[in-house]
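*Asks:* Output the structure for:
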Amino acid sequence: MAKRIAEGVFSMDTPVRIHGFAAVAGEKEGDGPLGSCFDRIIPDSHFGMDTWEQAETRFQLEAVRLALEKAQLSREDLDSICAGDLINQCTGSAYSVRELDVPFLGLYGACSTMAEGLIISAVLTDSGIARHAAAVTSSHFSTAERQFRFPLSYGGQRTPTAQWTCTASGAVILSREHGSVCIAGGCIGRITDLGVTDINNMGSAMAPAAADTIMRYLSATKTAPEDYDLIVTGDLGIVGSSLLLDILMKQGVDISPQHKDCGAMIFSPEQQDTHCGGSGCGCSASVLCGHFIPMMLRGEADSILFAATGALMSPMSLQQGESIPSIAHLVHLRKEQL
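*Replies:* Coordinates of the predicted model:
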């Protein structure tokens, strides 16, 4: 059973295993440095649908379908699914799960949602409530831009600190029985607020949350950065990653040898004009499922901290002059020696 170590920090006495996983990405993501990692590239941003929102639903469904296929499971084998996205009321997730007919927990943690979903799914699996539990998230450039910034036809200039919302989805299926990569523990994030009010500088807003969660986990588990092969954030981007390293260095902790950021990895900023990198619920989810889990299966890493970060603002709160509260949830992934 899961065991409390400290406030919000837990370990799994019996590992919960990753049984299946899949990553689906759009054309721009497929043209980036990690393009060969994704299970499927969708060149049509509408995915054959009438609207971008409907397309995002199809991205989620495709990620779940492929994860089930790779796990040799069917939809009926799922006892629960934790899903989230960036669209108002998480409609992308609700409409995708409507077609799956599986017990559903809708989540909103912005770009931290994949780690949040993994934590909840792991606890459901560990407790015996679910034999197989799925965590899936998605984002879509066009749905996010329309909701949080400007209509695409507006043609506004993007600032140097801006990140590019990924059109992508990632899905993970957990079980107690199958899989050599497991969830060994985690840390539930706390809200932090640096006072940033610029919606185009989310990396800086999220960096303190990532620092807080990583420090809490290291302190509670009495471990150091060198005890892990990688410490992965998602998705601070280039500016946020630099700030994270500075914050931790001031606390006497250097994670720079282990640190990777999904937002900084998924695009080639200069060649693809993505400024500070990628963002969105689908960014860290697709990079986790397309790059890092396969890396562990190949034996290239045995222990990874995956800390997904989220900026919890809304258009209304920003219009009212509010700053951007942020959060980071952490999952410890470990390769089991079978």
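*Asks:* And the strands in this structure?
*Replies:* With DSSP state E, the ranges of strands along the chain come out as 2-6, 9-26, 40-42, 80-84, 104-106, 133-139, 164-165, 168-175, 181-187, 230-234, 259-261, 278-279, 303-311, 326-335.
*Asks:* Would you tell me which of those gets closest to S93?
*Replies:* strand 80-84 (3.7 Å; C-beta to C-beta). All C-beta atoms are positioned from the backbone trio N, CA, C, and that covers glycine.
*Asks:* residues in contact with that closest one?
*Replies:* With C-beta atoms under 8 Å, 6 or more residues apart in numbering as the test, strand 80-84 has contacts from 60, 64, 90, 93, 96-97, 100, 102-109, 113, 116-117, 120-121, 124, 129-130, 133-137, 281.
*Asks:* just how off-centre is it within its chain?
*Replies:* Taking C-alpha atoms, centre = their mean, to the nearest Å, one finds the center of strand 80-84 at 13 Å from the center of the full chain.
*Asks:* Strand partners (parallel or antiparallel) of it?
*Replies:* Using DSSP bridges, strand 80-84 pairs in its sheet with strand 104-106 (parallel), strand 133-139 (parallel).
*Asks:* returning to what we had before: so can I have TSV of the strands of the chain showing mean pLDDT?
*Replies:* What follows is the strands of the chain, written out as TSV (pLDDT from 0 to 100):
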stretch	mean pLDDT
strand 2-6	96
strand 9-26	96
strand 40-42	98
strand 80-84	98
strand 104-106	98
strand 133-139	98
strand 164-165	90
strand 168-175	98
strand 181-187	97
strand 230-234	96
strand 259-261	98
strand 278-279	94
strand 303-311	97
strand 326-335	98
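*Asks:* just so I know, which of those lies nearest Q319?
*Replies:* Nearest to Q319, of all those, is strand 303-311, at 15.5 Å by C-beta to C-beta.
*Asks:* list the helices and strands the closest one packs on?
*Replies:* helix 113-127, helix 202-221, strand 230-234, strand 326-335 (3 or more C-beta pairs under 8 Å, 6 or more residues apart in numbering; DSSP states H and E).
*Asks:* Can you mark which positions in the second one are buried?
*Replies:* Counting neighbours by 16 or more other C-beta atoms under 10 Å, one finds that the buried residues in helix 202-221 are 202-218, 220-221.
*Asks:* The nearest residue to G106 once chain neighbours are set aside: neighbouring residues, count only.
*Replies:* Spatial nearest neighbour of G106, excluding adjacent residues (C-beta to C-beta, 6 or more residues apart in numbering): C90 at 4.7 Å. Residues contacting C90 under the criterion other C-beta atoms under 10 Å number 20.
*Asks:* for D227, same thing?
*Replies:* 12.
*Asks:* same question, T165
*Replies:* 26.
*Asks:* do P315 as well
*Replies:* 12.
*Asks:* for L243, same thing?
*Replies:* The number of residues near L243, taken as other C-beta under 10 Å, comes to 20.
*Asks:* dump the residue contacts of G185.
*Replies:* Taking C-beta under 8 Å, 6+ apart as the test, what G185 contacts is 5, 9-12, 217, 221, 331-332.
*Asks:* Just the buried residues of these.
*Replies:* 5, 9-10, 12, 217, 221, 331-332.
*Asks:* just the residues you listed now: which is nearest A144?
*Replies:* Taking C-beta to C-beta as the measure, V331 is the one of the buried ones among the contacts of G185 closest to A144, at 23.6 Å.
*Asks:* Can you name the residues bridging to the closest one?
*Replies:* Assessed by DSSP bridges, V331 has beta-bridge partners G186, F306.
*Asks:* ditto for the one 4 residues further on
*Replies:* Using DSSP bridges, the beta-bridge partners of K335 come out as V181.
*Asks:* Show the contacting residues for it.
*Replies:* With contacts defined as C-beta under 8 Å, 6+ apart, K335 is in contact with 180-182, 296-297, 299, 301-303.
*Asks:* Can you pick out the most distant pair from the residues you listed?
*Replies:* Largest separation among the contacts of K335 by C-beta to C-beta: C182 and G299, giving 15.0 Å.
*Asks:* who's more crowded, these two?
*Replies:* Set C182 next to G299 and count neighbours by other C-beta under 10 Å: C182 wins out with 20 against 9.
*Asks:* didn't the more buried one look like it was pressed against V16?
*Replies:* Yes - using C-beta atoms under 8 Å, C182 is in contact with V16, at 6.0 Å.
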